[in-house]
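**Q** kindly return the folded structure for what I paste below:
(one chain, ligands or ions: 2)
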Amino acid sequence: MSNKIKIFVQRVKVLIQNLEAEVLASCRVGADVYLLRLQAPTIAEIARPGQFVHVRCSETLDPLLRRPLSIHDIGDGGGLVFLYQVRGRGTAWLARQQAGSRIDILGPLGRGFTLTTNKRIALVAGGLGIVPLLFIARQALENGNQVDFFYGARDRERLYQRETLQAMGVNLLLATDDGSAGFRGPVTKLWEQYLKERRYERAYACGPREELAEFAHLAARYDIPAEVSLEERMACGLGACRGCVTTLRDTTGNRYYENVCTGGPVFDAAAVEWEG
Ligand SMILES: Cc1cc2nc3c(=O)[nH]c(=O)nc-3n(C[C@H](O)[C@H](O)[C@H](O)COP(=O)(O)OP(=O)(O)OC[C@H]3O[C@@H](n4cnc5c(N)ncnc54)[C@H](O)[C@@H]3O)c2cc1C
Ligand code: FES
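**A** Residues are numbered from 1 along each chain as shown. Ligands and ions are numbered 1, 2, ... in the order given. Next up is the predicted model:
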């Protein structure tokens, strides 16, 4: 093994835990959406908002690849909380795991959000984009920030974790496509109304790509430093396979490429190439 690889493997070992986490609880909170609590104190202790874990979703080799899930919250006594939608075989396997089951997870992985203290910040979540933003909301409040949490979904049934957010003390501002809760229309339109009269010192978003592009556009127009959490299909999750590359542009407009698993999933909104 070359020296470079040895150093890389050592770093990974120090920073990342690979462990069998016990399922504390798993409950269905929507038609195909589950809230999962795992006991994983060594990961919970060092996890930062925006980071993810790579989950082995099988007792066999099928499916072979792990599935990435963002850390949704940190529970009491070393608990990790996840919120996920069943999409295919991996997440369907996960949904069958009950309290007492053990799950192989690797993490925390990736680059998280940049945290601030004593600022007014905006969080803009579309659909399951709430997942990493609830975790940052909790830390942001602990750091003395004022948090306006803009949360949009198709309808009120798909606005998960509203009670948790309200109990945390964020200023929760809802939007739905069908008008069944809060503002009728895209969550970015709701945010735009507030931007006209409120100055945010930092903004963060996660959600569908078109919504993130609109968020980045608004943040640039109002000159707000902003970060987004991106999703790409992943294989290794460790920066080795180059299977999750996204296109970015530096401040001079030059295009470059970055792994979402190691360079992200959180990126400066102004650096992401949204078109194409
Ligand atoms: C960093 C990161 C964090 C994530 N966090 C969460 C989370 O907290 N909650 C959650 O519900 N999901 C999250 N996802 C998406 C989740 O990883 C996928 O839904 C999951 O891997 C699907 O696995 P599966 O075996 O169930 O489905 P598969 O059989 O692998 O795929 C089923 C369908 O989903 C599509 N799909 C799978 N993965 C992705 C992806 N990454 N992006 C777009 N489409 C995809 C496939 O194209 C296919 O159509 C995250 C993804 C990334 C990259
Ligand atoms: S998933 Fe392999 S490099 Fe990102």
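**Q** ok, L134 to F149 distance?
**A** 9 Å (Cβ to Cβ, to the nearest Å). (Each C-beta comes from the backbone N, C-alpha and C, glycine too.)
**Q** separation between the closest residue to V53 other than its chain neighbours and ligand 2?
**A** Nearest non-adjacent residue to V53, counting by Cβ to Cβ, 6 or more residues apart in numbering: G107, 3.2 Å away. Plainly put, G107 is 13 Å away from ligand 2 if you go by Cβ to the nearest ligand atom, to the nearest Å.
**Q** what's the helix or strand for the residue in the stretch 101-250 of the chain that ligand 1 sits nearest to?
**A** Residue nearest to ligand 1 within the stretch 101-250 of the chain (Cβ to the nearest ligand atom): V131, separated by 3.8 Å. Assigning secondary structure by DSSP states H and E places V131 in helix 130-142.
**Q** and that helix, which residues are buried?
**A** Under the neighbour-count criterion of 16 or more other Cβ atoms under 10 Å, helix 130-142 has I130, V131, P132, L133, L134, F135, I136, A137, R138, Q139, A140 buried.
**Q** is it possible to get a markdown table of the residues you listed that adds pLDDT?
**A** A markdown table is the format used below for the buried residues of helix 130-142 (pLDDT from 0 to 100):
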| residue | pLDDT |
| --- | --- |
| I130 | 98 |
| V131 | 98 |
| P132 | 98 |
| L133 | 98 |
| L134 | 98 |
| F135 | 98 |
| I136 | 98 |
| A137 | 98 |
| R138 | 97 |
| Q139 | 97 |
| A140 | 97 |
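**Q** ok so, going back, R87 versus the residue nearest to V53, what's the distance?
**A** The gap separating G107 from R87 is 20 Å, by Cβ to Cβ.
**Q** so for the two, which sits in the more crowded spot?
**A** Taking other Cβ atoms under 10 Å, G107 and R87 do not tie; G107 has more neighbours (27 against 10).
**Q** my guess is the residue of the stretch 101-250 of the chain closest to ligand 1 contacts V81. True?
**A** No. Between V131 and V81 there is no contact under Cβ atoms under 8 Å: 9.5 Å.
**Q** name the residues contacting each of those two.
**A** Residues within reach of V131 and of V81 at once, by Cβ atoms under 8 Å, 6 or more residues apart in numbering, are H72.
**Q** show the pLDDT at the residue in the stretch 51-200 of the chain positioned nearest to ligand 1.
**A** Across the stretch 51-200 of the chain, the shortest distance to ligand 1 (Cβ to the nearest ligand atom) belongs to G88, at 2.1 Å. Note for G88: predicted pLDDT of 95.
**Q** for it, what are phi and psi?
**A** phi -160, psi -150 (degrees, to the nearest 10).
**Q** same deal with H217?
**A** Dihedral angles for H217 - degrees, to the nearest 10 - are phi -60, psi -40.
**Q** and the stretch 101-250 of the chain, which of its residues are near ligand 2?
**A** Contact residues, the stretch 101-250 of the chain versus ligand 2 (Cβ under 6 Å from any ligand atom): M234, A235, C236, G237, G239, A240, C241, R242, G243, C244.
**Q** residue contacts, the last one?
**A** Looking back up the chat, that one is C244. Contacts of C244 by Cβ under 8 Å, 6+ apart are E232, R233, M234, A235, N259, V260, C261.
**Q** so what's the fourth one up against?
**A** Put plainly, it is A235. Neighbouring residues of A235 by Cβ under 8 Å, 6+ apart: L65, C241, G243, C244.
**Q** most neighbours among the residues you listed, which one?
**A** For those, the largest neighbour count, defined by other Cβ under 10 Å, is 23 neighbours, found at C244.
**Q** how near is that one to L106?
**A** C244 sits 15 Å away from L106, going by Cβ to Cβ.
**Q** cool, L159 as well?
**A** Distance of L159 to L106, computed by Cβ to Cβ: 31 Å.
**Q** over to Y194?
**A** 38 Å.
**Q** cool, V147 as well?
**A** Taking Cβ to Cβ, one finds V147 at 30 Å from L106.
**Q** hey, where'd the helices end up in the protein?
**A** Taking DSSP state H as the criterion, the chain carries its helices at 3-15, 41-46, 89-95, 130-142, 162-168, 187-195, 209-221, 260-263.
**Q** show me how far the third one is from its chain's centre.
**A** Here the centre of mass of C-alpha atoms in helix 89-95, compared against the chain's by Cα atoms, centre = their mean, to the nearest Å, lies 19 Å away.
**Q** no more questions from me, cheers.
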